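Next input, structure requested:
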Amino acid sequence: MEDKVKGKGEQIGGKAKEEWGKAIDDKSTEISGKVEQGKGKVREGLGDLKRGVENENEDLERKNP
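Predicted coordinates for the structure are as follows:
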């Protein structure tokens, strides 16, 4: 769950940075914001993956006590 929350935060921060870069016409800041958004999506996906594995393990433990 922690990765998912951090990932969402990175995406929001990255979007704000991207928009700020657009507003001040700074391509470097704009691109940096897009990179942050991508990292956030990856982290969020990792959180989803971890949760899926945890759920699968719980299911297996219930089926095979």
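
could you point out where the protein is predicted with low confidence?
Within the chain, the segments meeting pLDDT under 70 span 65.

can you give me the helices in it?
2-23, 27-63 (DSSP state H).

Return the angle between stretch directions for the shortest one and helix 27-63.
Think helix 2-23. 160 degrees (axes from the mean of the first three to the mean of the last three CA atoms, to 10 degrees).

Extract the C-alpha set from helix 2-23 and format it as CSV.
In CSV, the C-alpha atoms belonging to helix 2-23 read as follows (Å, rounded to 0.1, in the frame of the first residue of the first chain):
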residue,chain,number,x,y,z
GLU,A,2,2.9,2.3,0.8
ASP,A,3,4.3,2.1,-2.8
LYS,A,4,0.9,2.8,-4.2
VAL,A,5,0.4,6.0,-2.1
LYS,A,6,4.0,7.2,-2.8
GLY,A,7,3.5,6.6,-6.5
LYS,A,8,0.3,8.6,-6.6
GLY,A,9,2.2,11.4,-4.7
GLU,A,10,5.0,11.3,-7.2
GLN,A,11,2.6,11.5,-10.1
ILE,A,12,0.8,14.6,-8.6
GLY,A,13,4.1,16.3,-7.8
GLY,A,14,5.4,15.5,-11.3
LYS,A,15,2.3,16.9,-13.0
ALA,A,16,2.6,20.1,-11.0
LYS,A,17,6.3,20.4,-12.0
GLU,A,18,5.4,19.7,-15.6
GLU,A,19,2.8,22.5,-15.6
TRP,A,20,5.1,24.9,-13.8
GLY,A,21,7.7,24.2,-16.5
LYS,A,22,5.2,24.9,-19.2
ALA,A,23,4.1,28.1,-17.4
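
any idea how far it is from the chain center?
When C-alpha coordinates are averaged (CA atoms, centre = their mean, to the nearest Å), helix 2-23 and its chain have centres 9 Å apart.

Okay, buried residues for it please.
By neighbour count with 16 or more other CB atoms under 10 Å, helix 2-23 contains the buried residues D3, K4, K6, G7, E10, Q11, G14, K17, E18, G21. Every residue, glycine included, has its C-beta placed from N, CA and C.

can you give me the end-to-end distance of stretch 17-31?
Length of stretch 17-31, first residue to last, CA to CA, to the nearest Å: 9 Å.
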